[in-house]
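1. can't give you the sequence, but here's the structure:
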């Protein structure tokens, strides 16, 4: 059964930005076997974006992008779009969370031994790393990478 939505121009813009956010996040999915889902999402998002491009508020702001092979916001629109700010914040948070987790795992692996660390369950790893991750998170939140140091082997430097 077909679905009909009645949206204001403002709601249509919000929906288009949500679709663009979903497309950007999905495009980062590199998992094996994700291709089918990504193609299906891409087709649906493009079809919806094409339909939304007909609304007065979005006319001229959504167009067919040859490089993507789909309908998407124009580059000019994207530069100042709210959803781009959301994506930037999301990427920033993911970067710091991943950095803290990796640093904690590396330190614990070195302390306990790589073989012991690899044989721990994910739950045990997270529990063991919890306090260190919290400390590292506070450090990164306060100083960013200013106090982060790398020790390179003599052969690299």
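-> Good, I have the coordinates. Source: prediction; values computed, not measured.
2. what's stretch 61-74 in contact with?
-> Residues from elsewhere that reach stretch 61-74 (Cβ atoms under 8 Å, 6 or more residues apart in numbering): 16, 20, 23, 42-43, 45-47, 49-50, 52-53, 60, 76-77, 81. For every residue, glycine as well, the C-beta is placed using N, CA and C.
3. what about burial for these, which qualify?
-> Burial by neighbour count, 16 or more other Cβ atoms under 10 Å: within these this picks out 16, 20, 23, 42, 45-46, 49, 52-53, 77, 81.
4. Counting residues, name the longest helix you see in the protein.
-> helix 82-112 (DSSP state H).
5. for it, packing partners?
-> Contacts defined by 3 or more Cβ pairs under 8 Å, 6 or more residues apart in numbering; DSSP states H and E place helix 82-112 against helix 9-27, helix 114-119, helix 122-143.
6. Poorly predicted segments of this structure, please.
-> Scanning the chain for pLDDT under 70 picks out the ranges 157.
7. go again using 90 as the cut-off
-> 1-5, 27-35, 68, 140-141, 144-157 (pLDDT under 90).
8. if we can go back for a sec, what's the most buried one of the helices and strands packed on helix 82-112?
-> Greatest average neighbour count among these goes to helix 9-27 (a mean of 17), per mean count of other Cβ atoms under 10 Å.
9. Please pull up the helix or strand immediately following that helix.
-> Counting by DSSP states H and E, the next helix or strand C-terminal to helix 9-27 is helix 35-52.
10. between the contacts of stretch 61-74, which is nearest residue 138?
-> Proximity of these to residue 138 (Cβ to Cβ) peaks at residue 81, which lies at 32.4 Å.
11. thinking again about what came up before, in TSV: the helices and strands packed on helix 82-112, plus distance to residue 90.
-> Compiled in TSV, these are given as follows (distance: least, Cβ to Cβ, whole Å):
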stretch	distance to residue 90
helix 9-27	8
helix 114-119	29
helix 122-143	17
